[in-house]
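S.K.: how would this look folded up:
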Amino acid sequence: MSKYKKLSFIWLLSILALAAFNAAIYYTYVDKVFPKSPYTIGDLSRMSYAADLIDLRETKVDLAKKHIEEKEYLNEKIDFLTIGDSFSNGGGGGLNTYYQDYIATNYDKNVLNIAHFKDAKNYIETVVRLLNSGQLEKMGVKYVLVESVQRFALQRFAISNIDFSKDDITIFKNKIENNLKQNTTQKKVEHSINEDIGIINNLNLNALTYNTRFKLNGYGKVTSEIYREKIDRNLFSTKIGDEILFFYEDLKHLNDETKENIELLNKNFNTLANLLAQKGIKLIFMPAVDKYNLYSPYIISNNYPKSMFFEYLDNLPKDYIYINSKKILSEYLEKGDKDIFYVDDTHWSYKASDILINHESFKKVFN
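M.R.: Next comes the predicted model:
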């Protein structure tokens, strides 16, 4: 074999080996954690390339009545207004990803979900502006639900400078006017990240690195943002039912959970509740329990700090209706119910939404 042919053969072999290596990593990990639409998986599996902890799901609704998103609002009368973070905005995907659809269906209410005003400090200030301007009365609102994931609740609401007097809702009115001008029946365009990823890509190295690190180091922090732990029972219906992924921010903000901060949060919600009550409107606060907090009793050799958010808040006097999502969902976990949260995501599943909205503590909203 000539020197040229030998070099060509070596180059060809190298290219084929590289392609085969990338293909093996791609189809083992990357292709699985970036599924083609209409299917989705959670951010935790995608960010950690944990292809063995995937709950592949399709986003769809099988309930009789749907809520209204702000972009769809056409000045109709509204019974129930919701505002919150990704838990209120369809985070997690899958079946009946909006808890608002359970409110609309089970209680036959017109439910509107809105985004907070960008120049407001938090959701409370947004509600205050709608209230003080008379917009809530104009819309016919009788119930306001504020939701926040636990890890950000104190940052959002345990502040002393909330403006309870402002009534400027120009932003909201402009949004509604724009909605009326647009065709609100436009079909949402589905986009799948996987359609843009070739077999040879820069994600393959990340997938190999993270999975090798887990195989060598075992449970704990598997990336800079994701923890993976073993639990003492099968609480997920996926192939591996006794492992859990959770986000580092579930632990990061536990130091904020002081009695003083939680008392200030509670005071601010009491103030809002009393203002709303003057107009015959009930306030509901539903903090969404962090995944780590909910599943922490089942983590084997759990050396992480313990959350006291719900325990502190539970004992404070309230003028609003409080939905203790940790207490309610924990009752079902103790019975062995699976998939209350998605194993691969920071969000709860349709099962949690169904449980919470049908719970006695929520039913009393309408008493």
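
S.K.: any low-confidence regions in the chain?
M.R.: 1-10, 171, 173, 175-196 (pLDDT under 70).

S.K.: mind running it again at 90?
M.R.: Counting by pLDDT under 90, the chain contains low-confidence ranges at 1-32, 34-40, 118-119, 166-206, 208, 364, 367.

S.K.: show me where it has its strands.
M.R.: Here the chain has its strands, by DSSP state E, at 39-40, 57-58, 68-69, 80-83, 111-114, 143-149, 220-221, 226-230, 243-247, 282-288, 321-322.

S.K.: any chance of the ones you listed in JSON lines, with distance to residue 338 too?
M.R.: Just so you know, the C-beta spots here come from the backbone N, C-alpha and C atoms, and that holds for glycine as well. Shown next, in JSON lines, are those (distance: least, CB to CB, whole Å):
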{"stretch": "strand 39-40", "distance to residue 338": "19"}
{"stretch": "strand 57-58", "distance to residue 338": "14"}
{"stretch": "strand 68-69", "distance to residue 338": "30"}
{"stretch": "strand 80-83", "distance to residue 338": "27"}
{"stretch": "strand 111-114", "distance to residue 338": "28"}
{"stretch": "strand 143-149", "distance to residue 338": "22"}
{"stretch": "strand 220-221", "distance to residue 338": "24"}
{"stretch": "strand 226-230", "distance to residue 338": "16"}
{"stretch": "strand 243-247", "distance to residue 338": "12"}
{"stretch": "strand 282-288", "distance to residue 338": "19"}
{"stretch": "strand 321-322", "distance to residue 338": "27"}
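
S.K.: redo the ones you listed as a markdown table? Include mean neighbour count and distance to residue 315.
M.R.: Below are the strands of the chain laid out as a markdown table (neighbours: other CB atoms under 10 Å; distance: least, CB to CB, whole Å):
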| stretch | mean neighbour count | distance to residue 315 |
| --- | --- | --- |
| strand 39-40 | 20 | 39 |
| strand 57-58 | 17 | 37 |
| strand 68-69 | 18 | 36 |
| strand 80-83 | 24 | 26 |
| strand 111-114 | 24 | 30 |
| strand 143-149 | 24 | 19 |
| strand 220-221 | 13 | 33 |
| strand 226-230 | 20 | 29 |
| strand 243-247 | 23 | 26 |
| strand 282-288 | 24 | 15 |
| strand 321-322 | 18 | 11 |
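
S.K.: do you know which of the ones you listed lies nearest residue 310?
M.R.: Of all the strands of the chain, strand 282-288 sits nearest to residue 310, with 7.4 Å by CB to CB.

S.K.: quick one: the closest one to chain centroid distance?
M.R.: Between the centre of strand 282-288 and the centre of its host chain there is 16 Å, according to CA atoms, centre = their mean, to the nearest Å.

S.K.: quickly run through the sheet partners of that strand, with directions.
M.R.: strand 143-149 (parallel), strand 321-322 (parallel) (DSSP bridges).

S.K.: just to revisit the earlier point, residue 159 is nearest to which of the strands of the chain?
M.R.: Of all the strands of the chain, strand 143-149 comes closest under CB to CB, at 12.9 Å.

S.K.: what lies in contact with that closest one?
M.R.: 79-88, 109, 123-124, 127, 136, 156-157, 269, 272, 276, 281-288, 290, 346, 365 (CB atoms under 8 Å, 6 or more residues apart in numbering).

S.K.: I'd like the strands paired with strand 282-288 laid out as CSV, including distance to residue 20.
M.R.: What follows is the strands paired with strand 282-288, written out as CSV (distance: least, CB to CB, whole Å):
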stretch, distance to residue 20
strand 143-149, 43
strand 321-322, 57
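
S.K.: out of these, flag the one nearest residue 336.
M.R.: The nearest among the strands paired with strand 282-288, by CB to CB, is strand 143-149 at 25.1 Å.

S.K.: put the alpha carbons of that closest one into PDB.
M.R.: Once non-C-alpha atoms are left out, strand 143-149 reads as follows in PDB (Å, rounded to 0.1, in the frame of the first residue of the first chain):
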ATOM      1  CA  TYR A 143     -61.900  35.400  42.700                       C
ATOM      2  CA  VAL A 144     -58.200  36.100  42.300                       C
ATOM      3  CA  LEU A 145     -55.600  33.400  42.600                       C
ATOM      4  CA  VAL A 146     -51.900  34.300  43.000                       C
ATOM      5  CA  GLU A 147     -49.500  31.400  42.500                       C
ATOM      6  CA  SER A 148     -45.700  31.300  43.000                       C
ATOM      7  CA  VAL A 149     -43.200  28.500  43.100                       C
END
